[in-house]
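Asker: Starting from these lines, generate the structure:
(one chain, ligands or ions: 1)
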Amino acid sequence: MTIHDFFEAEYSDSVNQQNIWAVLNAITKAAVSVSDDLKKAALLENVLGSQGGQNVQGEDQQKLDVIADLAFIEAFKSCGAVTGIGSEENEAFVSFDTETSKKADYVVLFDPLDGSSNIDVNVSVGTIFSIYKRLSISGESTDLGDFLQVGSKQSIAGYVLYGTSTMLVLSWGEGVHGFTLDPDTNLFILSHRNMKMPLSSRLYSMNEGNIKECEPGVAEYIAYCQSQENDFNGPYSGRYIGSLVADFHRSLIKGGIYIYPNVPAAPKGRLRLLYECNPLAFIAEQAGGMATTGRKRILEIEPEALHERAPLFIGSKNMVEKAMSFIS
Ligand code: AFP
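Answerer: A predicted model of the protein is given here:
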């Protein structure tokens, strides 16, 4: 079943169905284009490598960050249902400001190419997105308030994983569903219906290079995972790809916990609340998992800035609860 047919059959809000499908359709189109670019990247000129600049976060921009950003912006702009976007690669939100888009109902926040430092070594990367209903008045330009909504208000959250296959995983608040791109037809086909995250597993995921720098509770939890005195009576396996989407997707399917805590180099965590933590938190909860800062539910944070960061403890419910029990 194609994503379109599944959406038509299962999405229960008939008033908004047509408009929000236009947004999702834009995402599938841009994802196919980015997936193609990634597959051919090493064979094309001017696609691999650094763009030579930094984004608003002070991180090196890869050429593919920019290519993916433009592909998604163009798809959203032309779909007619999006009034503006916020992206990791743009300092301010972008208001589309045509007569049609001023009347459009939705804003989208996204990270066009998460884990892009992994592209040159042929490791999985992803696109993460959040769709919200605008709060501003229809017919006027979108404003910052449309983008600074609490994560629990997301209309649809999801990600595209460009891995051994390209997959789109999403939730509109009625479970989590996964679609695999059929490269022969360029259609996303339902492959994972009603995904559920295992309540626990023996997998933990963290950049352990930071272990001596983080607060004691995090190091104590990792020591617990590595000890003989844990719930499995033996060491867990460590798995860290460095592409959040790929690390999260593994947890969704096999169970596990992913932790990116506060560290001195990133005192509020490294990951961005609005287009990394919130969408994945929404998916995690819909799949029966959990997402917190270590102290507070991610989906209840009132955002204050477009690119704000948050510490993230996400994954299997029992594991996130256990990790939190070590944090004072
Ligand atoms: P990039 O998109 O800039 O490569 O950042 C990737 C990321 O936001 C996330 O996908 C990784 O899990 C995390 O950063 C990796 O950070 P460290 O290199 O500090 O472990």
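Asker: Which helix or strand in this protein has the lowest average pLDDT?
Answerer: The least trusted helix or strand in the chain, going by mean pLDDT, DSSP states H and E, turns out to be strand 50-54, with a mean of 66.
Asker: What's the local residue count around the closest residue to residue 126 other than its chain neighbours?
Answerer: With sequence-adjacent residues excluded and distances taken as CB to CB, 6 or more residues apart in numbering, residue 126 is closest to residue 245, at 2.7 Å. For glycine as for every other residue, the C-beta is placed from the backbone atoms N, C-alpha and C. Neighbour count of residue 245, defined by other CB atoms under 10 Å: 27.
Asker: Spit out the contact partners of residue 245.
Answerer: Counting by CB atoms under 8 Å, 6 or more residues apart in numbering, residue 245 makes contact with 114-115, 124-128, 159-161, 280.
Asker: before we move on, which element is it in?
Answerer: helix 244-254 (DSSP states H and E).
Asker: Parallel or antiparallel, which strands does the following helix or strand past that helix pair with?
Answerer: Where DSSP H and E defines the elements, the next helix or strand beyond helix 244-254 is strand 257-260. When pairing is defined by DSSP bridges, strand 257-260 lines up against strand 203-205 (parallel), strand 312-315 (antiparallel).
Asker: Tabulate the ones you listed (CSV), appending distance to the ligand, mean pLDDT and mean neighbour count.
Answerer: Below are these laid out as CSV (distance: least, CB to the nearest ligand atom, whole Å; pLDDT from 0 to 100; neighbours: other CB atoms under 10 Å):
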stretch, distance to the ligand, mean pLDDT, mean neighbour count
strand 203-205, 9, 98, 24
strand 312-315, 9, 98, 28
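Asker: Just send those strands back as CSV, with distance to residue 78 too.
Answerer: CSV is the format used below for the strands paired with strand 257-260 (distance: least, CB to CB, whole Å):
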stretch, distance to residue 78
strand 203-205, 37
strand 312-315, 33
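Asker: Looking at those, which is nearest to residue 183?
Answerer: With CB to CB, the closest approach to residue 183 among those belongs to strand 203-205: 28.7 Å.
Asker: Name the next helix or strand downstream of the closest one, please.
Answerer: helix 216-226.
Asker: does any part of that next one sit near the ligand?
Answerer: No. On the criterion CB under 6 Å from any ligand atom, helix 216-226 is out of touch with the ligand, staying 13.8 Å away.
Asker: Which strands or helices does the next helix or strand after that helix pack on?
Answerer: Using DSSP H and E, the next helix or strand after helix 216-226 towards the C-terminus is strand 237-238. Counting contacts by 3 or more CB pairs under 8 Å, 6 or more residues apart in numbering; DSSP states H and E, strand 237-238 packs against strand 203-205.
Asker: Residues contacting the strand it packs on, please?
Answerer: 222, 225, 236-241, 247, 250-251, 254-259, 315, 319.
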